[in-house]
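In: attaching a predicted model along with its sequence, questions to come.
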Amino acid sequence: MPYVRISIVTPRRGEEKNIEEVMRKLAAAVAEAEGCVESYVLKPHDNSGEVARMAIYRDENSAEQAANTDHILHLRSEINLLSDGKHVERAFFTV
């Protein structure tokens, strides 16, 4: 059953390019993980400044294994430092 993770972050002022770069690194690293089907970095049509990342996995276990590697944890901590702290992390199953 496919499992989808979505992260939406708003960069701190002046960190827009940096956070997008780190989100791209994170998406690329996740794309290489066992069980990852697709991984994207997304921007909205509005001028909110938000940057999103969506990853589609074969199952929840694959997502958990990918999320808990040292490299992914490091990139996620960088995102926390670059964001305004108001980010959303969501996960979805297919129904």
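Out: Noted; the coordinates are in hand.
In: can you give me the helices for this protein?
Out: Secondary structure of the chain (DSSP state H): helices at 16-31, 60-67, 70-82.
In: out of those helices, nearest to residue 4?
Out: Residue 4 lies closest to helix 60-67 among these, at 8.6 Å (CB to CB). Every residue, glycine included, has its C-beta placed from N, CA and C.
In: from residue 54, how far off is residue 73?
Out: Computed with CB to CB, to the nearest Å, the distance linking residue 73 and residue 54 is 19 Å.
In: again, but for residue 43
Out: Relative to residue 54, residue 43 is positioned 12 Å away (CB to CB).
In: for stretch 28-44, C-alpha coordinates in CSV please.
Out: C-alpha atoms of stretch 28-44 as CSV (Å, rounded to 0.1, in the frame of the first residue of the first chain):
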residue,chain,number,x,y,z
ALA,A,28,17.5,13.3,-3.8
ALA,A,29,18.7,11.4,-0.8
VAL,A,30,15.2,10.0,-0.1
ALA,A,31,14.9,9.1,-3.8
GLU,A,32,17.9,6.7,-3.4
ALA,A,33,16.4,5.0,-0.3
GLU,A,34,15.1,1.4,-0.6
GLY,A,35,11.4,1.5,-1.2
CYS,A,36,11.1,5.1,-2.4
VAL,A,37,9.1,5.3,-5.6
GLU,A,38,9.2,9.1,-6.2
SER,A,39,10.5,12.2,-4.5
TYR,A,40,9.8,15.8,-5.4
VAL,A,41,10.4,19.4,-4.3
LEU,A,42,7.4,21.7,-4.9
LYS,A,43,6.6,25.4,-4.8
PRO,A,44,3.1,26.9,-4.7
